[in-house]
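Chemist: I'd like to go over a predicted model; first the sequence, then the structure.
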Amino acid sequence: MSALQFRSHPGNIIVMPDGRLGLIDYGQCMSFTDETTKRYFAELIVAVADNASDAEIAKAFRGAGIRTKNSNDHFTAAMARIMFGHMTVCPQPGSTQGQAVR
């Protein structure tokens, strides 16, 4: 079994006294129990990184077992881009630069 913890920022990683890493905050976790799910999840990450079409991203998102209430391709792809895409911070107040970047 493989697992992914979606909130792996420095505040959720602890270095244990014996040198092992401890992960906390398992509110957003996903376990992969079969090869098909692992493949779809890998395809999802690549599709988002490559800025693939909404339909391609949505297919991989659903194949990885991730579900949303609104299941149309545009919404599902937008969720995937928010969850797994690259976001930057605006460098100056009022700037339009640095918004969601794909």
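Modeler: That came through fine.

Chemist: and Ala77, how many neighbours does it have?
Modeler: Neighbour count for Ala77, taken as other Cβ atoms under 10 Å: 22. C-beta coordinates here come from the backbone N, C-alpha and C atoms, glycine included.

Chemist: Quick one: name whatever helix or strand follows the least confident helix or strand in the chain by mean pLDDT.
Modeler: None of the helices or strands of the chain scores lower by mean pLDDT, DSSP states H and E than strand 2-5, at a mean of 60. Once the chain leaves strand 2-5, the next helix or strand it forms, by DSSP states H and E, is strand 13-15.

Chemist: helices or strands up against that next one?
Modeler: Contacts defined by 3 or more Cβ pairs under 8 Å, 6 or more residues apart in numbering; DSSP states H and E place strand 13-15 against strand 21-23.

Chemist: Quick one: residues in contact with stretch 67-83.
Modeler: Contacts with stretch 67-83, where a contact means Cβ atoms under 8 Å, 6 or more residues apart in numbering, come from 6, 44, 47-48, 53-55, 57-58, 60-62, 66, 100, 102.

Chemist: Any of the residues you listed buried? List them.
Modeler: Neighbour-count burial (16 or more other Cβ atoms under 10 Å) applied to the contacts of stretch 67-83 gives 44, 47-48, 54, 57-58, 60-62, 66.
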